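Enquirer: sequence-free structure coming up:
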């Protein structure tokens, strides 16, 4: 198998950021200073880590590679969320690389030459070697291909080898660091016993509850002191790990109207009538379809499921549609059906017409080579002497590939011929002499002429929506945004706690430009543009700026209002219980007008009261109480409780202390790794300017 092609087909070009830092990438948060003034930063600096700047010229291609990976993984075209994921992936890799490299140096961790050699070609090589050089059919390591790759002097191979070796080193260092951190934690027998009891000790108790809903909201007046008291008692909850902003917005719909939909339906019906009698199916489809489906043989599952299941059972010559599915009409002509290999192993010689005096001469040369090969000529030698492709040093071997991998002309020849056959075809790359070495599998494929028309708003509908948005943007300046919108009959939506890099916002499918503007604005500003979503224009106003760190009371006041109200209600309900006296649970229940509720077999680790909710404070109090005593009132999430424990059932002693500790160590080790990396971030000076660029 050709080495360059092998790597290209198996995993894309090996790039440092894409495969590195696999262990810690998921641990890296976005906890990094996002803030103004952005204009003070260098125009090309995406961010910096401990003074080391990350340049957009280096960062951008890594993001592009990530977007391409996600497009292959999820299908379809790139969208705002896909781009945001790729930006995060690239940033996290940079963060991990910078922080961990510094930590490796501090700890004296390294990979020796002997160790690297063993990881490259030893008995137990690096997982990356296994990933890239295993035979896709057998799953076994292809040592011959590996050794050829490592020994190759071709510039591209040398570059890729250097990158791969760097990543193998990085992964080995990660593993050492991970083991170092995980081995620094331990579990005592006392801790193991506590954990075991928390999951297995059973409590039976009875309780009486007074729910917060029993006190009308209107009867509770909240004072500044109530807010301050709750805020001070729960301050740790208000730590903001990274800057976030909030905005309110109004949408102006550009969804197709009933008239637009009818016009498109009429248009599609005319297209269908013309399609039935069209003389050139592929040209007609290319001209009329909003979605370009290749005019080649397709395997099942490549087009819209509603259409896919229908056309795969139709004979050649059939016509299907118009079919409304999702947000578009589909009209399909089944041009041909056949059974075809699932994958092909082939070799080729690529001739560049520009180097041999034009296409005619290239075809003549290809025909001559085909004749030589048919008479027993050495294909590998001819490829080495005549081919312009990187596979020439491997005898022209392209390895095994599925449909959709090669250009259409090449694919049709490889999948349409027979093993052993030699074909000459022209493509955008030049003239190919193809030898079909092997064909694998056999499945039905169809060639379709495919037209898809999207249900979109007419230009008239779009213009009317844009005009309404433009008028609102001009008129709202200097006014109360929310009040003015409501006066005009528009609904105001809110997007709160939006971080600088996220690719989504509530109700908005393409919010990046809007978010960027929000991070350049001051609180209270109406953002300067009309922002275009898939089916709406949006006008927005920046309503909140929440800096990194502990948020002030004012920033969380609205959010905590229901919790503060419950805290005030809790005081009233506790007083009600206290007035009921110190009698038995039944007596207290009678005096407050409630029933006694029995609960069986509750464990500390799962503090859920059946039919009620999770009540941590109540269950925690139960496991710290003496049986038979009526408790003081306990403030919970749903209400205030008074309880009496009937008794506890202790579990049998731990049967296997080693296994108990081992299970806890696994979880503790993972948490410690996360905590260690968070500590590295907390102690680093990190500036994040990604919002300037994406």
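Expert: The structure has been received and is ready for your questions. Note that the structure is predicted; figures quoted are calculated from it, not measured.
Enquirer: can you tell me the element the residue nearest in space to the middle of the chain falls in?
Expert: In the chain, the C-alpha nearest the mean C-alpha coordinate belongs to residue 85, at 5.3 Å (CA atoms, centre = their mean). For residue 85, the enclosing helix or strand under DSSP states H and E is helix 80-107.
Enquirer: rounded mean pLDDT for that helix, please.
Expert: Mean pLDDT, helix 80-107: 89.
Enquirer: before we move on, what about stretch 400-409?
Expert: 85.
Enquirer: contacts for it?
Expert: 1, 9, 136-137, 294-299, 302, 340, 342-346, 411, 414-415, 425-429, 432, 438, 440, 445 (CB atoms under 8 Å, 6 or more residues apart in numbering). For every residue, glycine as well, the C-beta is placed using N, CA and C.
Enquirer: can you check stretch 500-510 too?
Expert: Taking contacts as CB under 8 Å, 6+ apart, the residues outside stretch 500-510 that touch it are 30, 34, 79-85, 87-88, 91, 242-243, 245, 249, 251, 493-496, 498, 511-512, 514-515, 519, 532-535, 538, 688, 690-691, 694.
Enquirer: what are the boundaries of the helices in the stretch 51-200 of the chain?
Expert: Secondary structure of the stretch 51-200 of the chain (DSSP state H, counting those that start in this stretch): helices at 56-74, 80-107, 113-121, 127-133, 143-151, 155-182, 189-200.
Enquirer: low pLDDT regions in the chain?
Expert: Residues of the chain that meet the criterion pLDDT under 70 lie in 1-42, 75-76.
Enquirer: what residue of it is the furthest out?
Expert: Most peripheral residue of the chain (CA atoms, centre = their mean): residue 583, 57.5 Å.
Enquirer: and that residue, which of the three is it?
Expert: When classified by DSSP: H, G, I helix; E, B strand; the rest coil, residue 583 comes out as coil.
Enquirer: who's in contact with it?
Expert: Residue 583 sits in contact with 591, 630, where contact means CB under 8 Å, 6+ apart.
Enquirer: hmm, 10 Å instead?
Expert: Residues in contact with residue 583, defined by CB atoms under 10 Å, 6 or more residues apart in numbering, are 589-591, 630.
Enquirer: can I get the buried ones among those residues as something I can paste into ChimeraX?
Expert: To isolate the buried ones among the contacts of residue 583 in ChimeraX, judged by 16 or more other CB atoms under 10 Å, type:
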select :589,630
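Enquirer: biggest separation within the contacts of residue 583, which pair?
Expert: Spatial extent of the contacts of residue 583 (CB to CB) is set by the pair 590 and 630 at 13.4 Å.
Enquirer: identify the contacts common to these two.
Expert: What both residue 590 and residue 630 touch, as defined by CB under 10 Å, 6+ apart, is the set 208, 583-584.
Enquirer: return the member of the residues you listed nearest to residue 600.
Expert: The nearest one, if we look at the shared contacts of residue 590 and residue 630 relative to residue 600 and count by CB to CB, is residue 208, at 16.7 Å.
Enquirer: so the closest one is in which element?
Expert: strand 202-211.
Enquirer: next secondary structure after that strand?
Expert: Taking DSSP H and E, what comes next after strand 202-211 is helix 224-233.
Enquirer: quick one, strands of the stretch 501-650 of the chain?
Expert: 531-532, 536-546, 549-550, 597-602, 608-609, 613-614, 634-635, 639-649 (DSSP state E, counting those that start in this stretch).
Enquirer: tell me the strands beside the third one, with direction?
Expert: Here strand 549-550 is paired, per DSSP bridges, with strand 239-240 (antiparallel).
Enquirer: same question for the first one.
Expert: Using DSSP bridges, the strands paired with strand 531-532 in its sheet are strand 536-546 (antiparallel).
Enquirer: contacts only, for residue 306.
Expert: Residues in contact with residue 306 (CB under 10 Å, 6+ apart) are 323-326, 330.
Enquirer: which of those has the largest number of neighbours?
Expert: Using other CB atoms under 10 Å as the neighbour criterion, residue 330 leads those with 25 neighbours.
Enquirer: residue 281: how many residues sit nearby?
Expert: Residues within reach of residue 281, counting by other CB under 10 Å, total 17.
Enquirer: that one contacts residue 293, doesn't it?
Expert: No - using CB atoms under 10 Å, residue 281 makes no contact with residue 293, being 11.9 Å away.
Enquirer: common neighbours of these two, please.
Expert: 448-451.
Enquirer: thinking again about what came up before, out of the helices of the stretch 51-200 of the chain, the one nearest residue 255 is which?
Expert: helix 80-107 (19.0 Å).
Enquirer: and the closest one, what other elements does it pack with?
Expert: Judged by 3 or more CB pairs under 10 Å, 6 or more residues apart in numbering; DSSP states H and E, the packing partners of helix 80-107 are helix 16-19, strand 45-49, strand 52-55, helix 56-74, helix 155-182, helix 512-518, helix 657-682, strand 686-688.
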